[in-house]
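**Q** Pasting the sequence and the predicted coordinates here, then a few questions.
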Amino acid sequence: MQSIYMFGVLIGAIVLGTMADKYGRKAIFCLSGILQFIAAIATAFMTNFAMYCGVLFFYGKFSTL
């Protein structure tokens, strides 16, 4: 699970960093915070391991900024 989370952080750093340079850091930071909050809440409602790992990846992706 930690590897999946850290892979999400890696992808998020690349994607969100590029988007922040293009669209502005404040807008991407706010969007990332909202999506991270949604992913954090969604982890509590996952019913199997594969779904949990998928949401954990997105939680890591949006936690980089």
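**A** That came in fine, so what should we check first?
**Q** my guess is residue 4 meets residue 53, correct?
**A** Yes: Residue 4 is in contact with residue 53 according to C-beta atoms under 8 Å; the separation is 5.0 Å. Any C-beta I mention is one placed from the backbone N, CA and C, and that applies to glycine too.
**Q** going on from the helix ranked longest in the chain, what's the next piece of helix or strand?
**A** In the chain, assigned by DSSP state H, the helix with the most residues is helix 2-23. Per DSSP states H and E, the first helix or strand lying C-terminal to helix 2-23 is helix 25-43.
**Q** what's that following helix packed up against?
**A** Secondary-structure packing of helix 25-43 (3 or more C-beta pairs under 8 Å, 6 or more residues apart in numbering; DSSP states H and E): helix 2-23, helix 49-61.
**Q** just so I know, which of these lies nearest residue 38?
**A** Among the helices and strands packed on helix 25-43, helix 49-61 comes nearest to residue 38, with 8.8 Å by C-beta to C-beta.
**Q** Kindly provide the whole-number mean pLDDT of that closest one.
**A** Mean pLDDT, helix 49-61: 95.
**Q** May I see the buried residues of it?
**A** 52-61 (16 or more other C-beta atoms under 10 Å).
**Q** which one of those residues is nearest residue 15?
**A** For these, the residue nearest residue 15 by C-beta to C-beta is residue 61; the value is 7.4 Å.
**Q** Name the nearest residue to that closest one, ignoring sequence neighbours.
**A** Leaving aside its sequence neighbours, residue 61 sits nearest to residue 12 (C-beta to C-beta, 6 or more residues apart in numbering; 3.7 Å).
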